[in-house]
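Participant: return a 3D structure for these sequence lines:
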Amino acid sequence: MDKISTIILAGSLIIIMLGMGLSLVMDDFKRIFVYPKAILIGLTNQLILLPLIGFIIALIFPLKPEIAIGIMILAACPGGPTSNLIAHLAKGDLALSVSLTAISSFITILTVPFIVNFALIQFLEQGQIIKLDVISTIAQIFVIIVIPVGLGMIIRKYKENFALKMAKPVRKASGIVVALVIIGVVIKEKENVIPYFQQAGIVALILNIATMLVGFYTAKIFKILDRRAVSISIESGIQNGTLAITIAVVLLGNSEFAITPAIYSLIMFFTGGVAIYFGVRRNKKEEALSTIKI
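Facilitator: Coordinates of the predicted model:
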């Protein structure tokens, strides 16, 4: 993508992160002490199991290096605002979902450069290898995530009514920009889109479904069976596709690496819809049972 498109993409992610900050308060971070087990399981899924699953998928399937690297970039990313929306619609624990997104977004500033560097070395031929400058990458992601989120939280603290009014329009505006960016990536790589979709579509879907199932069943194993299990499942399986595209295009300067995240960003709405269906159905059953008990 050209320089202007790259700037627009980075700017759109900054706006998204600002929008997230407008919806956050310090209590969202204090919940790590309220739900320590749920937070720990969710973070373990996102920071450890998700990259492992992504790596296994990239090894098992005969993928082009660009597709494999795209999978690993996705697996390195935290959840995003979309996961919070899906968790809310699926009758999950929204507070837990927001907390997991916020905490994992901060932690992945440190983990993303190492996971992406590992993927570049693992899947590219020696002569093609591009290495990220870890310190520079951490600084750039800090600027794209931490500063806008922090600014949004400050606005929320001192201008709460304004923040509440602006949160929704900001999310909508950033969503439109991201959609345009995805269209731009697809147009630029139009000759590769169909073959890439044939390769990346299946593996992106498998990554999405596998991580959501792992999230749900790890919660179940540790006796978390209520709305928090729904949120852990969604946070484990719905990644920040916009951040993944930004890493590919802005930090790595390669729109081919962005094809998998772009395809994933479309797929996750369908799987998210399925999660919403089952979450709502589960909630109705629980309400019916509680009514019978009364």
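Participant: in space, what's closest to residue 64 - neighbours in sequence excluded?
Facilitator: Of all residues not flanking residue 64 in the chain, residue 199 sits nearest, at 6.5 Å (Cβ to Cβ, 6 or more residues apart in numbering). All C-beta spots, glycine's among them, are computed from the backbone N, C-alpha and C.
Participant: surely that neighbour and residue 63 touch.
Facilitator: Yes - counting by Cβ atoms under 8 Å, residue 63 is a contact partner of residue 199 at 5.8 Å.
Participant: coming back round to it: now the residue nearest to residue 64: phi and psi?
Facilitator: The phi/psi pair for residue 199 (degrees, to the nearest 10) reads phi -80, psi -50.
Participant: same check, this time on residue 238
Facilitator: phi -110, psi 100.
Participant: how close does it sit to residue 161?
Facilitator: For residue 238, the distance to residue 161 equals 30 Å [Cβ to Cβ, to the nearest Å].
Participant: residue 257 too?
Facilitator: With Cβ to Cβ as the criterion, residue 257 and residue 161 are 41 Å apart.
Participant: can you check residue 218 too?
Facilitator: Counting by Cβ to Cβ - residue 218 and residue 161 are separated by 39 Å.
Participant: next: residue 144.
Facilitator: Per Cβ to Cβ, residue 144 is found 27 Å from residue 161.
Participant: the more surrounded of these two?
Facilitator: residue 144 (22 against 7; other Cβ atoms under 10 Å).
Participant: in the protein, which helix has the most residues?
Facilitator: Ranked by residue count and defined by DSSP state H, the top helix of the chain is helix 259-293.
Participant: buried ones in that helix?
Facilitator: 259-265, 267-268, 271-272, 275-276, 279, 282 (16 or more other Cβ atoms under 10 Å).
Participant: for those residues, which one is nearest residue 23?
Facilitator: residue 272 (18.3 Å; Cβ to Cβ).
Participant: give the contact list for the closest one.
Facilitator: 82, 86, 90, 234, 238 (Cβ atoms under 8 Å, 6 or more residues apart in numbering).
Participant: show me where the protein has its helices.
Facilitator: According to DSSP H, the helices that the chain contains are 3-22, 26-34, 36-44, 50-60, 65-76, 81-89, 94-123, 134-141, 147-158, 160-188, 190-221, 227-237, 241-246, 259-293.
Participant: residues touching the fifth one, excluding its own?
Facilitator: Read that as helix 65-76. So helix 65-76 is contacted by 50-51, 53-55, 57-58, 63, 108, 111-112, 115-116, 118-120, 122-125, 128, 196, 199-200, 203-204, 207, 239, 241, 244, 247-248, 254, 256-261, 264 (Cβ under 8 Å, 6+ apart).
Participant: now the residues you listed: which count as buried?
Facilitator: Buried among the contacts of helix 65-76 by 16+ other Cβ under 10 Å: 50-51, 53-55, 57-58, 63, 108, 111-112, 115-116, 119-120, 123, 196, 199-200, 203-204, 207, 239, 241, 244, 247-248, 254, 256-261, 264.
Participant: tell me the spacing between residue 46 and residue 124.
Facilitator: Taking Cβ to Cβ, one finds residue 46 at 25 Å from residue 124.
Participant: brain fart, residue 64
Facilitator: For residue 64, the distance to residue 124 - Cβ to Cβ - is 11 Å.
Participant: what do you get for residue 148?
Facilitator: 31 Å.
Participant: please apply the same query to residue 183.
Facilitator: According to Cβ to Cβ, residue 183 and residue 124 sit 27 Å apart.
Participant: contacting residues around residue 269?
Facilitator: Contacts of residue 269 (Cβ under 8 Å, 6+ apart): residue 82.
Participant: could you report the pLDDT at it?
Facilitator: Listed pLDDT for residue 269 reads 77.
Participant: surely residue 215 and residue 38 touch.
Facilitator: No - at 11.0 Å, residue 215 does not count as touching residue 38 under the criterion of Cβ under 8 Å.
Participant: what is in contact with those two at once?
Facilitator: Common neighbours of residue 215 and residue 38, counting by Cβ under 8 Å, 6+ apart, are residue 232.
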